[in-house]
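>>> Test case, fold it:
(2 chains)
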Amino acid sequence: MNVETFKYDNRIVRAFAIATVVWGIIGMSAGLLAAVQLFWPEANLNLAFTTFGRVRPLHTNAVIFAFVGNGMFMGIYYSLQRLCKARMYSDRLSWLNFYGWNAIIVAAAITLPLGLTSSKEYAELEWPIDIAITVVWLAFTVNLIGTILKRREKHLYVAIWFYIATAITVALLHVVNSLAVPATAWKSYSIFAGVQDALVQWWYGHNAVAFFLTTPYLGLMYYFLPKAAGRPVFSYRLSIIHFWALIFIYIWAGPHHLLYTALPDWAQSLGVVFSVMLVAPSWGGMLNGLLTLRGAWDKVRQDPMLKFMVVALTAYGMATLEGPTLALKSVNSLSHYTDWTVAHVHTGALGWNGFLTFSVLYWLFPRLYDTKLFSTKLANWHFWIALLGMMFYVVPMYWSGITQGLMWKQFTKEGFMQYPNFLETVLTLIPMYRLRAIGGSLYIIGTFLMAYNLWRTALAGQFVPDVEVQAAPIARDEHLTGSQDPWGHRWLESKPIMLTVLATVAVLIGGLVEIVPMYLIKSNVPTIAAVKPYTALEVLGRDIYIREGCVGCHSQMVRPFRSETERYGEYSKSGEFVYEHPFLWGSKRTGPDLHRVGGKYPDAWHYNHMDDPRTTSPGSIMPNYGWLLTQKLETNSLPARIAALRKVGVPYPEGFEQRALAELKAQAGTIVTNLKSGSIDAQADKEIIAMIAYLQRLGTDIKPPSGGNSAPQVEPTAAPMN
Amino acid sequence: MVKNILQDIGGIGLYGVISLCMFFAVFSGALLWAALHRRAFCQRMSALPLDDEKGSSYE
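Sure, this is the predicted structure:
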């Protein structure tokens, strides 16, 4: 037999491994900085760049795309070469993937603190970076498929199926959700509006969890768990069902992020049904992993790598049972917008992704450096500290979420709200926020221990840049007869392109079924004649709201519950959001909902509140936004912003750009006059004026302003609506 | 309450049934596909990660 000699590339694996550890520490630390601000707002150092609204997306992007992203590439580049018995298709593409991806992360680490954000959760990066992501992801996909095509192992192991599904689905999600019209070099507006934008965003957001945080890691689990346990996978058949059912069902479940919102009922129900079904494949996969360890549990006692893996699988099982539970409408009515969601995602992030990444790192480093792990004892310490940290994180967050959800809904015997002041419900949670920060700190300490352990391991060993191996190429003339392969299994599982096409079809079906009707059927979003586009000043105010990440703590979606209409006012209608590019419904209420805040307070209240929230709301944990009072409002880009908004469908009349600035100044002047009556001497060209204009407009299209002295509407003459 | 403000879309009942049918077709198809795999093939595939570094300089 013709045997070929070739080399596995370990350099690229090492590069991704180091990046994983470094970004992990940075991303988790950003999370800790955000967490501390929730009980000690001054921890932002009074700087815009380090304030919660900007640090929170930095944290989520860093842990998802930098820590897990590099971890995913590390595991894929190691396992793919070995499962295909081939070096990566192109070393150049490998390094383009590495440097490109990490340059994108650096760009994110710079732009997010600067407030350059699209505000769409986990897709915050602005359009130039979005284009770069597409290019780098394409390089990865070509490298992946190219390696598979030049493989020396005829059949594709199930881990590779998961990698293929990851590559194609992430590309699809990223491109569709990022569709936007640029206004300036660093500002764009989503082509989708309101309800549609919400649906596309959560189709993306949910499946980013599915196809970025789950499927590649399931692939890693299917490869590294048998390696570490020294046992074959429990059931290959189960892994096949796991794969197809998971990728087919996951894509449908996005609308469960939007229950009781203005999203059409049918889309919500579809999301709930498929979320419940999702338990089956998820638990099939978890059990397949845990049962792979049957007969090898003695190893789990001694090997910290296996300990991490077992907890990762258990956390995966818990999170995937909890997810469908939270998708039930009755549970969701309590849990949504609370810390319960935060607890849920951290069970997945800290437990599943974190522990699995640690497990793979502990397994890889000794092999990359041809030595033993520096200290098994230290790895065990890491395990217990991280586990304790995770407990200290999630338990207080569950407590906090359920407590606040119940407080929001509590009525007295007489039928009044028990806790009408939102702040009262927040202050109850402060001890939980302190405990959570302790949990997060423990988890980070554990990660530092790992970094030290891996560093010492690397020092003790000798790096193996290339691993020389031998394998026979696939016999090109090998044809299976009907009796050898009556059902075509080997045929499909040895045809990567066909497998890719089928996986694409599977993920496309759910996405199309959800999203296409939203565009084709007009009655999905009944129009409301009173709803008009934002004025020029309000557009700039809204962009500042986006820049500061206000959406991270404030929703703009009053659900149709008595407890919400009593607290906030009329529930939100889908027709109110037809000019919202992007939508700003939010997914967390660390502060109250703002959809009906317009006209609720005088302009002077907002001015003082933004300067120091504690002057108007004693005990508030909102940061000071003093810089809005001193920074000059940038109006040069106003025409470009209006033109871009018109392109995405907001009916600003032709030529509005020319008179927009004059209208802006007129509206600003009215606000300055209002502020004067509140004994505030403000300048009309400051950012705070635009912010007040926007806040005072919120929710007033169908609700005449009451109380306060909201800014009068300077309507851009909108095209007639039907 | 949400229903009060949103008109039903035409044929939505059928739409749900089609979705469910598609799901069952895919799920049962995957079950059948997996069940019909030959035992020897499954055993070889499940052990694939264990023999991927034969002849390597370490491992």
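>>> is it true that A:Pro182 lies in a strand?
Yes. Judged by DSSP: H, G, I helix; E, B strand; the rest coil, A:Pro182 forms part of a strand.
>>> That one contacts A:Ala643, correct?
No. With contact defined as C-beta atoms under 8 Å, A:Pro182 does not reach A:Ala643; the gap is 10.5 Å. Glycine gets a C-beta too; all of them are placed from N, C-alpha and C.
>>> for chain A, longest helix please?
What stands out as the longest helix in chain A, according to DSSP state H, is helix A:376-409.
>>> got it, and chain B?
Chain B, longest helix under DSSP H: helix B:12-35.
>>> Please see if that one touches chain A.
Yes. Against chain A, helix B:12-35 shows contacts by C-beta under 8 Å from any C-beta of the partner chain at B:12, B:15-16, B:19-20, B:22-23, B:26-27, B:29-31, B:33-35.
>>> mean confidence score for that helix?
The average pLDDT within helix B:12-35 is 76.
>>> quick one: buried residues of the longest helix of chain A?
Buried residues in helix A:376-409, defined by neighbour count with 16 or more other C-beta atoms under 10 Å in any protein chain shown: A:378-379, A:381-383, A:385-390, A:392-394, A:396-405, A:407-409.
>>> Report the secondary structure element holding A:Val272.
A:Val272 is part of helix A:265-277, with elements assigned from DSSP states H and E.
>>> Now do that helix: distance to the chain's middle.
With C-alpha atoms, centre = their mean, to the nearest Å as the basis, helix A:265-277 stands 20 Å off its chain's centre.
>>> Which residues lie in contact with the residue nearest in space to the middle of chain A in this structure?
Nearest to the mean C-alpha position of chain A, by C-alpha atoms, centre = their mean, lies A:Tyr122 at 3.3 Å. A:Tyr122 makes contact with A:60-61, A:64, A:204-205, A:208, according to C-beta atoms under 8 Å, 6 or more residues apart in numbering or on different chains.
>>> swap in A:Ala43?
A:Ala43 makes contact with A:33, A:36-37, according to C-beta under 8 Å, 6+ apart.
>>> Top of the residues you listed by number of neighbours, please.
A:Gln37 (24 neighbours; other C-beta atoms under 10 Å in any protein chain shown).
>>> what about A:Gln470, which SS state?
Recorded secondary structure, A:Gln470: strand (three-state DSSP).
>>> Could you count how many residues lie near the closest residue to A:Arg589 other than its chain neighbours?
Distance criterion C-beta to C-beta, 6 or more residues apart in numbering or on different chains; nearest residue to A:Arg589, sequence neighbours excluded, is A:Tyr337 at 4.1 Å. As a burial measure, A:Tyr337 scores 23 neighbours (other C-beta under 10 Å).
>>> Return the distance of A:Tyr337 relative to A:Ser587.
Going from A:Tyr337 to A:Ser587 by C-beta to C-beta, to the nearest Å gives 7 Å.
>>> Then A:Pro526?
For A:Pro526, the distance to A:Ser587 - C-beta to C-beta - is 24 Å.
>>> neighbour count winner among the two?
Neighbour comparison, A:Pro526 and A:Ser587: the larger count goes to A:Ser587, with 18 against 13 (by other C-beta under 10 Å).
>>> how about the helices in the stretch 51-200 of chain A?
In the stretch 51-200 of chain A, the helices defined using DSSP state H, counting those that start in this stretch lie at A:52-61, A:69-84, A:91-111, A:127-149, A:158-177, A:194-208.
>>> Can you add mean neighbour count and mean pLDDT and give the ones you listed back as JSON lines?
Shown next, in JSON lines, are those (neighbours: other C-beta atoms under 10 Å in any protein chain shown; pLDDT from 0 to 100):
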{"stretch": "helix A:52-61", "mean neighbour count": "25", "mean pLDDT": "97"}
{"stretch": "helix A:69-84", "mean neighbour count": "26", "mean pLDDT": "97"}
{"stretch": "helix A:91-111", "mean neighbour count": "18", "mean pLDDT": "97"}
{"stretch": "helix A:127-149", "mean neighbour count": "19", "mean pLDDT": "96"}
{"stretch": "helix A:158-177", "mean neighbour count": "23", "mean pLDDT": "94"}
{"stretch": "helix A:194-208", "mean neighbour count": "25", "mean pLDDT": "90"}
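>>> helix, strand or coil for the nearest residue to A:Thr565 once chain neighbours are set aside?
In this structure, A:Thr565 finds its nearest non-sequential neighbour in A:Tyr571, 5.6 Å apart by C-beta to C-beta, 6+ apart. The three-state label given to A:Tyr571 by three-state DSSP is coil.
>>> What backbone torsions are found at A:Tyr571?
Note on A:Tyr571: backbone dihedrals following degrees, to the nearest 10 are phi -70, psi 160.
>>> for the one 4 residues further on, same thing?
For A:Gly575, the backbone dihedrals are phi -70, psi -10 (criterion: degrees, to the nearest 10).
>>> Closest residue of the stretch 51-200 of chain A to chain B?
The stretch 51-200 of chain A approaches chain B most closely through A:Arg82 (3.9 Å), counting by C-beta to the nearest C-beta.
>>> Does anything pack onto the longest helix of chain B? Which helices or strands?
helix A:236-250, helix A:265-277, helix A:496-520 (3 or more C-beta pairs under 8 Å, 6 or more residues apart in numbering or on different chains; DSSP states H and E).
>>> So in chain A, where's the weakest helix or strand by average pLDDT?
The helix or strand of chain A with the poorest confidence is helix A:489-492; it has a mean of 64 (mean pLDDT, DSSP states H and E).
>>> Could you show which parts of the stretch 551-700 of chain A are in contact with chain B?
Within reach of chain B by C-beta under 8 Å from any C-beta, the stretch 551-700 of chain A has these residues: A:560, A:571, A:573-575.
>>> Export those residues to TSV and append columns for pLDDT and neighbour count.
TSV is the format used below for these (pLDDT from 0 to 100; neighbours: other C-beta atoms under 10 Å in any protein chain shown):
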residue	pLDDT	neighbour count
A:Pro560	92	18
A:Tyr571	93	21
A:Lys573	90	20
A:Ser574	87	22
A:Gly575	89	21
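>>> For the residues you listed, name the two members farthest from one another.
A:Pro560 and A:Gly575 (14.4 Å; C-beta to C-beta).
>>> Check which helices and strands the one helix or strand A:Leu321 maps to sits against.
If you go by DSSP H and E, A:Leu321 is part of helix A:304-326. Helix A:304-326 is packed against helix A:215-229, helix A:265-277, helix A:279-292, helix A:297-302, helix A:329-335, helix A:339-346, helix A:355-368, helix A:376-409, with contacts defined by 3+ C-beta pairs under 8 Å, 6+ apart.
>>> least reliable of the ones you listed going by mean pLDDT?
Note on the helices and strands packed on helix A:304-326: helix A:265-277 shows the lowest mean pLDDT, a mean of 82.
>>> and that helix with helix A:236-250, angle?
160 degrees (axes from the mean of the first three to the mean of the last three C-alpha atoms, to 10 degrees).
>>> Now do helix A:265-277 against helix B:12-35, angle only.
Going by the same axes, to 10 degrees, helix A:265-277 makes 20 degrees with helix B:12-35.
>>> List the buried residues in helix A:265-277.
Buried, per 16+ other C-beta under 10 Å, within helix A:265-277: A:265-268, A:270-277.
>>> same check, this time on stretch A:694-702
Going by neighbour count (16+ other C-beta under 10 Å), the buried part of stretch A:694-702 is A:694-701.
>>> ok, and what's touching that stretch?
With contact meaning C-beta under 8 Å, 6+ apart, stretch A:694-702 is reached by A:528, A:530-532, A:534-535, A:537-538, A:540-542, A:544-545, A:556, A:558, A:569-570, A:572-573, A:576, A:594-599, A:603, A:606, A:705, A:708, A:710-711, A:713.
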